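**Q** Sharing a sequence plus its predicted fold:
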Amino acid sequence: MGEIDMSNSVQPKAPLAADVTAGRKTKFHTRGVQVFYGEKQALFDVDLDIYENEVTALIGPSGCGKSTYLRTLNRMNDTIDICSVKGTIELDGTDIYSNAIDVVHLRARVGMVFQKPNPFPKSIYENIAYGPRIHGIATGKEEIDRIVEESLIKASLWNEVKDRLEEPGTGLSGGQQQRLCIARAIAVQPEVILMDEPCSALDPIATARIEELIDELRDNFTIVIVTHSMQQAARVSQRTAFFHMGDLVEVGETGKIFTTPKDQRTQDYITGRFG
Amino acid sequence: MPEEHDHIVSRFDEDLNQLDNLIAEMGGLAEHQFADAIKALVRRDSELAEQVIVSDKRIDAIEESVDAHTISMLALRQPMADDLRVVITALRIASVIERIGDYSKNIAKRTVAITQAPPVGPSRTISRMGTVVQGMIKTVLDAYLQRDAELARDVRMRDEEVDALHTSLFRELLTYMMEDPRSISAFAHLLFVAKNIERIGDHATNIAEHVHFLVHGSLPEETRPKDDQSSYTVVGGED
Amino acid sequence: MTDAVMNELQTNKSASEQAARDRASHASDAVKRSLKKRYAAEARFRAYGIGAIAIAVCFVAVLFTTIISSGLPAFTETTITLNVELKEDVIDPAGTRDPQTLVTANYRKIVFDTLLTEFPDVSGRRDRRELTAILSPGASFKVQQMVTADPSLIGRTVTIDLPVAADFDLYKKGVIHKGTDEADRRVSDKQMAWFDALEERGVITSSFNTTFFTNADSREPELAGIWGATMGSLFTMLVTLLLSFPVGVSAAVYLEEFAPKNRLTQIIEVNINNLAAVPSIVFGLLGLAVFINFFGLPRSAPLVGGMVLALMTLPTIIIAGRAALKAVPPSIREAALGLGASRMQVVTHHVLPLAMPGIMTGTIIGMAQALGETAPLLMIGMVAFIVDIPGSITDPATVLPVQVYLWADSPERAFVARTSAAIMVLLTFLIFMNALAVVLRKKFERRW
C-alpha cells in the first residue's frame, strides 16, 4: 500500500518513497484523447502524462476504457476496423498518429504484454529470437544467443529454462509463460512496456514474482499497467490513474490516491462501494 | 460525512458498524465511569468508588476486542482511504478511552483514600471541572459516531476552560494546603485528582483530533489553545 | 438478550432451516424420479446411434464385398506357353533385318502356325479359325515386340507365354461353362475340348495380371489395362493441384486477413460458398465453352481437365483455408503485432504455418473429390477411347473414373471383372489420400 502518515501531531510530512514525480521526464504526453468504436464513444477527452522510468497503473471498473487507452499508446487499436482515435498522443514529443511515425517501428519502441500469456508455438529460444530478428537488431547466431540469454535473465526466467531452450514455449507453466512473454517484449529493447492485466490469469505466487519483476524493470523501462486489482496497483505503481465510464476521473501519486483520494468516485471505487 | 453508499460486500459494513458499536459501548462506559468517580468524590461515597474501580475491567476488555477486531479487519478487508482511516482511528480512540478509564479509576482510588480523612476542599471547583470534562467526553464521542469534525473542533476549544479551571484549582489547593497542613494528605490526593481530570480533558481533545483526521485525512491545522499555567504556578512566596 | 428471545430466534432459525431442507429433499426426489426416464432416453439414443452406424457399416460391407468379389478375377490372366518357331521366311524373307520389315511382318501367321502344330489333325478353314481364336490378338503383338527388340531371335524357336483370348480367359475362370446352351455361349464345345486338351498338356497357366497394370485401354479385354487412365489421372491431379492450391490459399489468406469487412467482401464470400454447391457438370460446360472453344486448348487433355477440376476444387480449398485461418487464435496475431511485426509477417511467420495442417487436409480432401469426378471431364472430351499412355499434360488422356464408366458401358462380359478391378484401384487411391489427410492432421496438430 502507499505510505500513511501515522504521526499524531502536525509535522512536516516524512518524504514518501524517493520516486517523486516532479523532476521526471515525460515519456507519453496525451491530451484530449477520444476513442470511438463506430458510433459508440469509449474515451472522453483524456489528458494524461506518463513519466519515464516509473510504473503508472490504470484502474477502474470493467468497461471504463483503461484497456482502450492503453492500446492507443502503441496503436494496437489500428487492428480494429471500426475504431477511431482522436486527440494528441505524443511519445517523446512526436505525435504517434502522424505520418512521421511508422507503426512497426513504434511497436518496437513500445512493447506489449497481454492478459493471457501468448507465447508463440515455437521453442523458447525462437520465441525470444523472433523480435530481434525481424527488426534486424541482431544478426548471426552469437548475437541472438546473447540477446536471448540477457532477456531471459532480465525476466527472471533464465535459471529455470537455460537447459531447455529448444522446448516449446507453450510447455511452461502459466507464470513462466508470462515471464517468457515479458522476456520476448524486452528482447526488442523497447523504451516502454505496456501491460494489460498481466497477472489476471496467474496464481498468487506467480503474480508476486511478476510484480517483483516489474519493480526491477522500472529502472530501465517505462511501464504502464492496466489492472483490476487495486492492491496490485497499490503495490506496484508510483502513479495511479482512475478511469470511469471513459473519463479519467483522477490521477495522482499512488500513496495519495489510496489514502486520501480527491474525487468521491475514486473513493467509492477503491473502498468497494460501487463498480 | 457526505451520504455514504454501502459497500458492495455487506459484511464489510457490518464489520465497520461493529467497530462503531464497540467504541460507543466503551465510550459510554468511560463517560459513566467518570461521572460516577466525580460523584463519589464529591459525595464522599467510598462504595461507589469501589464500583468504579471494578468497572474499569470492562473497559479494558472492550479495548482488547477493538484491538482484535481492527487487526482482523486490516488483514481480511485491506481497507483503503476512508475505511482505513475509520479502522486506524477506532484503534487509537479505543486506546485513549482506555486511558481515560484508567484515570477515572485512579480518581476513584484516591477518593477511597480521601474519604478516610475529614472532609475538605474545593468540591465546587472540582465538581465544575468534572462537569465540563464529562460534557467534553460525551460530545467528542458523539462527534466520532456522527463523523462530525466541527463538533470535534468545539471540544478542542473547550479544553481551554478545563485548563483554566485546573490552574485555579491548583492555586486553590496550594492555598488550602498552606492554611491547613494537617489535611495535606487529602489535599495531595486532590491535587492528583485535579491533574487526572485535566488529563482526561486532554485525552478528549486527542480524540477530537483523531476525529478530524478521520473526516479530513489530516490533522487539524491550528494549534489548540493551551492555557494550563499550573506548571508555572507558584503560590506563597511571591505575595 | 433474554432467553425467551433467544429461544424464539432459535426456533425461527431451525424452522427456516427445516424448510430449506424440505425444499432440497423435494428437489432431490424429483431428480431421482426423472433419472429413470433420462437413463432410458439415453439408452434409446445410444441404440439409435449404434443402429445407424450398423446400417451404414452393412451397406459399406455389401458394397465392398460386391466390388471385391466381382473384381478379383481380373487380377489373374491366363497365358498359354508355346514353343514359337520364329520362321525366318515368314518374318524376314529377304534377310535384310530391316526394322520396317520386322515391324510389318505377319506375326499372326507365326503364332497361328504354332498353335496349329499343337493340333495337327485340325483341318478345314472354319475349324482352324475356331482353334486360332483361342489366342489373343495381343499374342502376335507380343511376338512382334520381341523380334523387333531382338532380331537375333529370328530363325530360332522360343518359348513364349502368349495371352489367351478374353472368352477363354473367362472359360478358364468358370464364367463361361458347359452348363449353358452352345448357341448361347461364345465358346463352342469344340473350342472347349481343344482348350481342355491344352490344359491337360500343362501349357495353360494363370498368373498375376500385370498387363492390367501396365497397359492402356484396349478393345480386347485381356489386353486392357488401367495404366493409361492412371497416368491421365495423375497428370490431371497435378495440374489441378498446381493451379488450385496457390490460388486457393492466397485467396483464403486475403479474404481472412486483409480484406476489409465491407459489402463487396460479403458478396464474394457468399459466391464462393455457393460455388461449392454448383453441379460439377456446369464446370464441364464452362471448360468446354471457354477453354476448348474460346482458347483452343487441346481436347481430352489433362491440362484442360486439370483446369476444370481446379475451378471445382477452389471453393473447397478456400473454405477449408478460411476455417483453418480462423481457427488460429487472435492472441498469436496480437502477440506478433505487439512485437512490431508487419501484417504480412504476422501472416507468413505465424498464422499460415499454424493453419497449414488444416489447409492441407482441406486440399487433400478436395483432391480426393476431384480424383473421383467424372461428369465435367466427360463434357470436355476425356471420354475418348485412348490406347496410348499419355506422356504429357497436353496428350489426350482419360481418367480412372471415366475408364470405369467406359468399361462398365461395354457389352463384353470380360470387362465386368475389369470394371470392378478398376473401381478397386480407384477406391484404394481415395482411401489412401483420405488416410494421408488424417495422418497429416494428427502429425502437425499443434496445441497453443
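**A** Yep, that arrived. Owing to the predicted nature of the structure, the values given are computational and were not obtained by experimental measurement.

**Q** where exactly do the helices run in chain B?
**A** B:10-43, B:46-77, B:81-115, B:123-146, B:149-179, B:184-216 (DSSP state H).

**Q** Now the last one: buried residues?
**A** Within helix B:184-216, the residues scored as buried using 16 or more other Cβ atoms under 10 Å in any protein chain shown are B:186-187, B:189-191, B:193-215. C-betas here are computed from N, CA, C, even on glycine.

**Q** What helices and strands are in contact with that helix?
**A** With contacts taken as 3 or more Cβ pairs under 8 Å, 6 or more residues apart in numbering or on different chains; DSSP states H and E, helix B:184-216 sits against helix B:10-43, helix B:81-115, helix B:123-146, helix B:149-179.

**Q** And the closest residue in space to residue C:357 that isn't next to it in sequence, how far from residue C:438?
**A** Among residues not flanking residue C:357 along the chain, residue C:444 sits closest, at 3.9 Å (Cβ to Cβ, 6 or more residues apart in numbering or on different chains). From residue C:444 across to residue C:438, the span is 12 Å (Cβ to Cβ, to the nearest Å).

**Q** One more: residue B:136?
**A** Separation of residue B:136 from residue C:438 (Cβ to Cβ) stands at 89 Å.

**Q** same thing with residue B:173?
**A** With Cβ to Cβ as the criterion, residue B:173 and residue C:438 are 107 Å apart.

**Q** Comparing the two, which residue is more hemmed in?
**A** More crowded of residue B:173 and residue C:438, by other Cβ atoms under 10 Å in any protein chain shown: residue B:173, with 23 against 11.

**Q** Could you say which of the helices and strands packed on helix B:184-216 is packed most deeply?
**A** helix B:81-115 (a mean of 22; mean count of other Cβ atoms under 10 Å in any protein chain shown).

**Q** Give me the angle between that one and helix B:46-77.
**A** 160 degrees (axes from the mean of the first three to the mean of the last three Cα atoms, to 10 degrees).

**Q** Is chain A within reach of helix B:81-115?
**A** Yes: under the criterion of Cβ under 8 Å from any Cβ of the partner chain, helix B:81-115 makes contact with chain A via B:81-85, B:88.

**Q** just to revisit the earlier point, now the helices of chain B in TSV, with mean pLDDT?
**A** Below are the helices of chain B laid out as TSV (pLDDT from 0 to 100):
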stretch	mean pLDDT
helix B:10-43	93
helix B:46-77	94
helix B:81-115	94
helix B:123-146	92
helix B:149-179	90
helix B:184-216	93
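
**Q** The residue in the stretch 51-200 of chain C positioned nearest to chain A: neighbour count?
**A** Proximity of the stretch 51-200 of chain C to chain A (Cβ to the nearest Cβ) peaks at residue C:53, 35.5 Å away. Using other Cβ under 10 Å, residue C:53 is surrounded by 10 other residues.

**Q** what about it, distance to residue C:65?
**A** 18 Å.

**Q** that older thread, tell me which element the residue of the stretch 51-200 of chain C closest to chain A is part of?
**A** helix C:3-71 (DSSP states H and E).

**Q** Show me what secondary structure element comes after that helix.
**A** From helix C:3-71 onward toward the C-terminus, using DSSP H and E, the following helix or strand is strand C:76-85.

**Q** Now do that next one: which elements does it pack against?
**A** Packing contacts for strand C:76-85, counted by 3+ Cβ pairs under 8 Å, 6+ apart, involve helix C:107-118, strand C:157-163, helix C:166-173, strand C:204-208, helix C:210-214.

**Q** what comes up buried for it?
**A** Applying 16+ other Cβ under 10 Å to strand C:76-85 flags C:76-80, C:82, C:84-85 as buried.

**Q** now that strand, how far from the chain's geometric center?
**A** Strand C:76-85 sits 32 Å away from the centroid of its parent chain (Cα atoms, centre = their mean, to the nearest Å).
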